[in-house]
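In: Sequence first, predicted coordinates after that:
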There are 2 protein chains.
Amino acid sequence: MKTIKSRICELTGITYPIFQGGMSWISEARLAAAVSNAGGLGIISAMNADASYLSSQIKLCRELTDKPFGVNILLLSPYVDDVARVVREERIPVVTTGAGTPGKYMEGWLRAGVRVIPVVASVALAKRLEKMGASAVIAEGAEAGGHVGELNTMALVPQVCDALSIPVVAAGGIADGRGIAAAFMLGAEGVQCGTRFLAALECQIHPVYKQKIIEATDSDTIVTGKKLGHPVRALKTPFTRKFAQLENSQDFTQADADSFGAGALRRAAQEGDAVNGCYMAGQSAGLVKKIQSAQDIILEMMQQATALLKL
Amino acid sequence: MKTIKSRICELTGITYPIFQGGMSWISEARLAAAVSNAGGLGIISAMNADASYLSSQIKLCRELTDKPFGVNILLLSPYVDDVARVVREERIPVVTTGAGTPGKYMEGWLRAGVRVIPVVASVALAKRLEKMGASAVIAEGAEAGGHVGELNTMALVPQVCDALSIPVVAAGGIADGRGIAAAFMLGAEGVQCGTRFLAALECQIHPVYKQKIIEATDSDTIVTGKKLGHPVRALKTPFTRKFAQLENSQDFTQADADSFGAGALRRAAQEGDAVNGCYMAGQSAGLVKKIQSAQDIILEMMQQATALLKL
């Protein structure tokens, strides 16, 4: 299978420039290992769990693959100090970070040879992180699932590319080879996909979640939480519709949101709870048509992308 | 100069597959003629003006160019019946429509040989318009300036392409050759740009408006009016910040919005009013760096796009 040569592949030691996004309750070791075995970069989400969870996930992933994989760290996690230390001690090849600036952990990670690739939603943050020593950035448009910013992929990626010297990975709205080819035209040197991998055979989420992704059309996602400053994109379900309604009332607070949302991701991913689950997904859900192995997903995407790019 | 062959060029008789968007108070005959003379499709906005305004604009445009040009019709205009008739009687080669379904005008336009190319923001509307006889659609992502939908270019364009047989023009976030190349990778056969043409020499807007576009960064636009169901993207200015604040109050109505917004576009485009003007612009404003002739804009974009696409 042809690939697209880029600095992202050199930097991370992967064959195909495709990252699997770090998604809480979704991106665990078996999915990450399958993606890495297929030549992409599998990523384990440290989510809001403690160090022992992450350590056991890393151990399992290493049993399942000898290829490079990454860890995604939520900088708002209550266990962030602990999981940052695990990444350093285990000398994980790549760490991706979301929701903030990984300032206090950078030096330790860099010293341990960890490549730091933060997710950014604006040029200003991207520039700051390049100065701090990031090896690359993931420029993510708000068409992505989960936590989102304000800018969108088509406009964000070329502006981040113009502003930085380090390579840029494009994310948001990319679920097939057309998206990869488009991202490279915009100047990106890799892509990160979340939604497409929800439908991977090796993804351990509840079958109801996969079915919802496969049935979703272009208009089936909604962003909630914008008013409180924590916008999240997920499928339109009773849960997100209720959230959207609640947040429109004047006296809705972050505490209300936290209490309403507590456990909703887990209820979707593990229980397939159609009423009280929050099914995070990007606008590209409408492009995802079937359940396939991670390897088939990656090969199909690369075949389409390299044909379009006439490689 | 090389071009990219596509059905959009055949359909409209243009050399380069670039439409200049129809923008109220901005897209008048001199800009449209310059774009058409440069090989793109110039488009006159009929905005909310009456038939005599449009007729005089068409007359002026025909004096300035013998190339094909289009007219954009706002389906919510109080004069929509009249301007739709002008388009038919004048046998304008292309009409683009926004804000709804041009159902009642389709037959008359088609009989007069007018190509109807509506702006769409979802797959469902695109499919309906194809059935009604549209020659193509403009799939516009919400990173665009002016009235916007919910979906974004990277995810919307491939989904619309998959659903239709007629050609698709991509819009939203495209301001250089990278955007054109990316749009074609997604399956589009042309692009529509608005923001980039705000900085055209031949664009008659106030110099303050052009300066604001050139100085804008990636994060300098905001969407207001979402709560009332008429979201609009414009530059962050005292006007839009005030609007955003007002619409967050429980008792803000469409009538309040109409009264607050009345004349704001004109004040921006004609007076350069920095306080009370509404400067519509897309997220791609950060990519626009200088004032150039329409011809230089189009040639520069095409040169970059054809090089990236290895044509």
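Out: That came in fine, so what should we check first? Numbering: from 1, shown residues only, chains lettered A, B, ... in the order given.
In: how about the helices in chain A?
Out: Secondary structure of chain A by DSSP state H: the helices cover A:7-12, A:29-37, A:51-64, A:80-89, A:103-111, A:123-132, A:153-163, A:177-185, A:195-198, A:207-215, A:238-246, A:254-261, A:264-269, A:294-308.
In: Indicate which one of these is closest to B:Gly39.
Out: helix A:177-185 (21.3 Å; C-beta to C-beta). In this view, the C-beta of every residue, glycine as well, is placed from N, C-alpha and C.
In: What is the closest one packed up against?
Out: Applying 3 or more C-beta pairs under 8 Å, 6 or more residues apart in numbering or on different chains; DSSP states H and E, one finds that helix A:177-185 makes contact with strand A:190-193, helix A:294-308, helix B:153-163, helix B:177-185.
In: Please point out which parts of the last one sit buried.
Out: This means helix B:177-185. Neighbour counts over helix B:177-185 (16 or more other C-beta atoms under 10 Å in any protein chain shown) mark B:177-185 as buried.
In: can you redo those residues as CSV with distance to A:Ala84 and pLDDT?
Out: Supplementary listing: these in CSV, determined by distance: C-beta to C-beta, whole Å; pLDDT from 0 to 100:
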residue, distance to A:Ala84, pLDDT
B:Gly177, 41, 98
B:Arg178, 35, 98
B:Gly179, 37, 98
B:Ile180, 42, 98
B:Ala181, 39, 98
B:Ala182, 35, 98
B:Ala183, 40, 98
B:Phe184, 42, 98
B:Met185, 37, 98
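In: can those residues go into a markdown table with extra columns for distance to B:Ala264?
Out: Listed next are those as a markdown table, based on distance: C-beta to C-beta, whole Å:
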| residue | distance to B:Ala264 |
| --- | --- |
| B:Gly177 | 33 |
| B:Arg178 | 32 |
| B:Gly179 | 28 |
| B:Ile180 | 31 |
| B:Ala181 | 35 |
| B:Ala182 | 32 |
| B:Ala183 | 30 |
| B:Phe184 | 35 |
| B:Met185 | 37 |
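In: centre of the chain versus stretch A:295-305, how much separation?
Out: Centroid displacement of stretch A:295-305 relative to its chain, using C-alpha atoms, centre = their mean, to the nearest Å, is 18 Å.
In: Mind listing residues that contact it?
Out: Contacts of stretch A:295-305 with the rest of the structure, by C-beta atoms under 8 Å, 6 or more residues apart in numbering or on different chains, involve A:1-4, A:16, A:18, A:34-35, A:37-40, A:176-178, A:180-181, A:184, A:193, A:196-197, A:199-200, A:292.
In: List only buried entries from the residues you listed.
Out: Among these, those classed as buried by neighbour count (16+ other C-beta under 10 Å) are A:3-4, A:16, A:18, A:34-35, A:37-40, A:176-178, A:180-181, A:184, A:193, A:196-197, A:199-200, A:292.
In: number of nearby residues for A:Leu54?
Out: A count of neighbours around A:Leu54, defined by other C-beta atoms under 10 Å in any protein chain shown, yields 26.
In: Also A:Pro158?
Out: When neighbours are counted by other C-beta under 10 Å, A:Pro158 registers 29.
In: Can you list the buried residues in stretch A:292-304?
Out: In terms of neighbour count (16+ other C-beta under 10 Å), stretch A:292-304 has its buried residues at A:292, A:294-295, A:297-299, A:301-302, A:304.
In: Would you reformat those as JSON lines and include distance to B:Leu129 and pLDDT?
Out: JSON lines is the format used below for the buried residues of stretch A:292-304 (distance: C-beta to C-beta, whole Å; pLDDT from 0 to 100):
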{"residue": "A:Gln292", "distance to B:Leu129": "33", "pLDDT": "98"}
{"residue": "A:Ala294", "distance to B:Leu129": "38", "pLDDT": "98"}
{"residue": "A:Gln295", "distance to B:Leu129": "39", "pLDDT": "98"}
{"residue": "A:Ile297", "distance to B:Leu129": "32", "pLDDT": "98"}
{"residue": "A:Ile298", "distance to B:Leu129": "36", "pLDDT": "98"}
{"residue": "A:Leu299", "distance to B:Leu129": "36", "pLDDT": "98"}
{"residue": "A:Met301", "distance to B:Leu129": "30", "pLDDT": "98"}
{"residue": "A:Met302", "distance to B:Leu129": "34", "pLDDT": "98"}
{"residue": "A:Gln304", "distance to B:Leu129": "27", "pLDDT": "98"}
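In: List just the nearest of those to chain B.
Out: When these are compared for distance to chain B (C-beta to the nearest C-beta), A:Gln304 wins out at 9.9 Å.
In: Tell me how far the closest one lies from B:Gly173.
Out: From A:Gln304 across to B:Gly173, the span is 22 Å (C-beta to C-beta, to the nearest Å).
In: now do A:Val223
Out: For A:Val223, the distance to B:Gly173 (C-beta to C-beta) stands at 17 Å.
In: more neighbours, these two?
Out: Ranked by neighbour count (other C-beta under 10 Å), A:Val223 and B:Gly173 place B:Gly173 first, with 34 against 15.
In: Can you check the pLDDT for the more buried one?
Out: According to the prediction, B:Gly173 has pLDDT 98.
In: so who does it touch?
Out: A:152-155, B:141, B:143-144, B:152-153, B:179, B:282-284.
In: swap the cut-off to 6 Å and go again
Out: The neighbours of B:Gly173, taking C-beta atoms under 6 Å, 6 or more residues apart in numbering or on different chains as the test, are A:152, A:154-155, B:143, B:153, B:283-284.
In: Then A:Asp220?
Out: Contacts of A:Asp220 were listed using C-beta under 6 Å, 6+ apart, and they are A:235-236.
In: Distance check, it against A:Ala84.
Out: When C-beta to C-beta is applied, the distance between A:Asp220 and A:Ala84 equals 36 Å.
In: go on, A:Glu202?
Out: The span separating A:Glu202 from A:Ala84 equals 27 Å under the rule C-beta to C-beta.
In: what about the closest residue to chain B within the stretch 1-150 of chain A, neighbour count?
Out: Nearest to chain B in the stretch 1-150 of chain A, going by C-beta to the nearest C-beta, is A:Glu143, at a distance of 4.1 Å. Other residues lying near A:Glu143 total 30 when counted by other C-beta under 10 Å.
In: so it sits right up against A:Ser284, yeah?
Out: No - counting by C-beta atoms under 6 Å, A:Glu143 sits too far from A:Ser284 to count as a contact (7.1 Å).
In: which neighbours do these two share?
Out: Between them, A:Glu143 and A:Ser284 have A:173, B:155 as joint contacts when contacts are counted by C-beta under 6 Å, 6+ apart.
In: how about the residues of the stretch 151-300 of chain A that lie near chain B?
Out: For the stretch 151-300 of chain A, the residues in contact with chain B under the definition C-beta under 6 Å from any C-beta of the partner chain are A:151-155, A:158-159, A:173, A:178, A:181-182, A:185-186, A:218-219, A:250, A:283-284, A:286.
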